[in-house]
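Whatever this is, show me its structure:
(one chain, ligands or ions: 1)
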Amino acid sequence: MCGIIGYLGSRLAIPVLLEGLYAQEYRGYDSAGIATIEEGRLNIYKSTGKIAELDKKIGGQYGSATAGIGHTRWATHGKPSDINCHPHVDCRQKIALVHNGIIENYQEVKAALQDQGHHFLSDTDTEVLPHLLEQYYQGDLLAAMQEACGHVKGFYAMLALCLEEPRRIVAARLDNPLIIGIGQGEYYFASDMSALIDYTREMIILQNGDIADVSDQGVVIYNQGQKVERSVKHIDWDKEAAKKGGYPHFMLKEIHEQPKVLAQTMQGRLQEDCRRVDLNELALQKQDLQNIDQIAIVACGTAYHAGLIGKQVIEKLLRMPVMVELASEFIHNDPLIDQHTLGVVISQSGETMDTLAALRVFRENGAKVLAICNVVDSTIAREADQVLYTMAGPEIAVASTKAYSSQLMLLYMLAFHLAQILQRHSDEQLNVWLKAMYQLPQLAAALLAENEETIKTLAKTISDWQDAFFIGRGLDYAVAQEGALKLKEISYIHAEAYAAGELKHGTIALITPKVPVIALATQEPLLKMMVSNIVELKTRGAYVIALTRGAAPEVEHVADAVIHLPETDELLTPVLSVIPLQLLAYYAALYRDCDIDQPRNLAKSVTVP
Ligand code: AGP
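Numbering: from 1, shown residues only. Got it, this is the predicted structure:
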């Protein structure tokens, strides 16, 4: 996700800003920029690519500015380019602003501002903000910010400065982190603490709705128009820990980011009354769908496992055949696809070579391709006919967690969106599903809060295992495959996912005393069969950890340990059931002292076939 930096004090601002941007590089970005004010001039420096490119453009010409703001951009709206790079300015080029987050209602705000004569240069959502400030500016940047924030929906962490008030920076925070560092007569701003720790450990963590007015006279914070007090915290983290937000590994941080990511992926797409899903970025009309006789989902690894869920959900909602293939197989199988196939490729990085090759096979056979990607303007996103972006932010750990959850959310929303177009289900039924989907972020947060300690204890048991089976039926079988991959790739325990109904066709020969099995039993119509599978395993001495939805006393009676998921519609349960499996893998790897964020032999993006 984007990184923000700001400085107001007596040092030269540009070196401080550049250092702060370098310190936040790990957050992932595709361009960077800085704005400073000196001698009555607003200086803007921007560059796509690495911060080193920006540094080179500045070329050591630091001038005399002692106030400025900076930004590393992780593109969400508008491809990476100099013009889309922050800081953005108003028409008069007197106000500069940097922003981390998404302005959901930016199209309507932009149209209203254009009607008032404002001219826009970029295709970003952010650019509406400096123009809003300009619209409301009457000599007081704080008042303009307070007014502007009342006109935007979405989430933001932003800094603004104005040529007419050169010793003032105004900050605003809603749902995205923003820190103010307090030095000796100098003030720092950043998205996270790691960028400030070299300068100060005294920090104010802005709260939602806070607007901070910072000048040489100090920091004054307002919330809903009222002055508020925020305590200055002494931060004793080391720099490395600060990058992970205090978590020991990026993987654990990203597992815990999932409630926010689920909400972010729905924002602007699920209507507040949960009556409709609007994937506005998708240009698929009824006649296009009537020309489609199958959907083919192709991906690798975890993205492929997301596709397995997508298959079952889309087939259930649309009653249309959905094929799911591993990209590495698909490209060599002379697949049965044509212009009546809708190709769907899923890729967090948007750079996986096999998945890119699959996209090209679709195109060669006349099939339109929809990409589901996390990296804006990545190769796969660029080559697809249409793209839906997950809003997971940069995923640093090699083991994919929050990107998978975000992929699931998009696949659910795609299924609902297509079902709406084809009028496959009553509004009432869709409303039930959409309401359940809307609840998922808080259910995920509750699941993490209530189960992590139990799961950590179970992981201690698992960490002694050499082998493990994951079993399930239907959607649970698809999630079991992701659970097995997580355990394999970070704890190096051999794990196999198996359709529970298949055990008696051979694999149950491997079940001997103490062989561990993780049984997913969340699907009501299949529960009785899962209970009998667990009994079969227990009679052969297996150690069974079960995952169930709600109480499920019949499972309690037979399994050695049970993890209860929060109640939700069973169609949507995979979004929750994967979280305990991610935590089990994480803590098992921790107990086995594995290199969790960079497992042996693995890369975050497999750009070779
Ligand atoms: C998932 O934990 C793995 N890191 C890997 O399977 C990954 O999902 C796969 O390589 C696909 O990557 P992509 O989503 O970037 O295409």
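
Neighbours of the residue in the stretch 51-200 of the chain positioned nearest to the ligand, how many?
Residue nearest to the ligand within the stretch 51-200 of the chain: residue 74 (15.5 Å; CB to the nearest ligand atom). In this view, the C-beta of every residue, glycine as well, is placed from N, C-alpha and C. With neighbours defined by other CB atoms under 10 Å, the count for residue 74 comes to 19.

just the helices in the stretch 201-350 of the chain please.
In the stretch 201-350 of the chain, the helices defined using DSSP state H, counting those that start in this stretch lie at 239-243, 250-256, 258-266, 286-290, 301-318, 327-330.

Can you tell me the centre-most residue of this protein?
The structure's the chain has its C-alpha centroid closest to residue 392; by CA atoms, centre = their mean the separation is 0.9 Å.

Show me which residues of the stretch 201-350 of the chain are close to the ligand?
Within the stretch 201-350 of the chain, the positions adjacent to the ligand are 300, 301, 302, 303, 347, 348, 349 by CB under 6 Å from any ligand atom.

Closest one of the residues you listed to the ligand?
Distance to the ligand, by CB to the nearest ligand atom, is smallest for residue 301 among those, at 1.8 Å.

Now the closest one: closest residue in space that isn't a chain neighbour?
Distance criterion CB to CB, 6 or more residues apart in numbering; nearest residue to residue 301, sequence neighbours excluded, is residue 485 at 6.7 Å.

Identify, from the residues of the stretch 201-350 of the chain next to the ligand, the entry nearest to residue 453.
Ranked by distance to residue 453 (CB to CB), these are led by residue 302 at 25.6 Å.

which residue sits closest to that closest one, ignoring its sequence neighbours?
In this structure, residue 302 finds its nearest non-sequential neighbour in residue 400, 4.2 Å apart by CB to CB, 6+ apart.

show me the contacts for that neighbour.
Neighbouring residues of residue 400 by CB atoms under 8 Å, 6 or more residues apart in numbering: 301, 302, 303, 348.

Please convert the residues you listed to a markdown table, extending it with neighbour count and pLDDT.
Shown next, in a markdown table, are those (neighbours: other CB atoms under 10 Å; pLDDT from 0 to 100):
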| residue | neighbour count | pLDDT |
| --- | --- | --- |
| 301 | 23 | 97 |
| 302 | 22 | 98 |
| 303 | 25 | 98 |
| 348 | 29 | 94 |
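
As JSON lines, the residues you listed with distance to residue 586 would be great.
Below are those laid out as JSON lines (distance: CB to CB, whole Å):
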{"residue": "301", "distance to residue 586": "17"}
{"residue": "302", "distance to residue 586": "14"}
{"residue": "303", "distance to residue 586": "19"}
{"residue": "348", "distance to residue 586": "18"}
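
list the helices and strands whatever helix or strand the residue nearest to residue 301 lives in packs on?
Applying DSSP states H and E as the criterion places residue 485 in helix 475-491. In terms of contacts (3 or more CB pairs under 8 Å, 6 or more residues apart in numbering; DSSP states H and E), helix 475-491 is packed against helix 301-318, strand 467-472, strand 494-499, strand 516-521, helix 574-591.

how does it look with 10 Å?
On a contact count with 3 or more CB pairs under 10 Å, 6 or more residues apart in numbering; DSSP states H and E, helix 475-491 meets helix 301-318, helix 402-422, helix 427-462, strand 467-472, strand 494-499, strand 516-521, strand 543-549, helix 574-591.

and the longest one, average pLDDT?
Here helix 427-462 scores 95 as its mean pLDDT.

about what we covered before: with respect to residue 213, which of the residues of the stretch 201-350 of the chain next to the ligand is nearest?
For these, the nearest to residue 213 is residue 348 (39.4 Å; CB to CB).

What's the local residue count around residue 315?
That count, for residue 315 with other CB under 10 Å as the rule, works out to 14.

Also residue 308?
Neighbour number of residue 308 under other CB under 10 Å is 22.

if we can go back for a sec, pLDDT score for the residue of the stretch 51-200 of the chain closest to the ligand?
80.

from what I can see it touches residue 396, true?
No: taking contacts as CB atoms under 10 Å, residue 74 lies outside contact range of residue 396: 11.9 Å.

can I assume residue 388 sits in a helix?
No: read with DSSP: H, G, I helix; E, B strand; the rest coil, residue 388 is strand and lies in no helix.

Return the residues in contact with it.
When contacts are counted by CB atoms under 10 Å, 6 or more residues apart in numbering, residue 388 touches 265, 269, 279, 281-282, 344, 346, 370-373, 381, 407, 410-411, 413-414, 417.

Which neighbours do residue 74 and residue 396 have in common?
Common contacts of residue 74 and residue 396 (CB under 10 Å, 6+ apart): 27, 28.

near the ligand, which residues of the protein?
Proximity of the chain to the ligand (CB under 6 Å from any ligand atom) is limited to residues 300-303, 347-349, 352, 355, 398-400, 489, 605-606.
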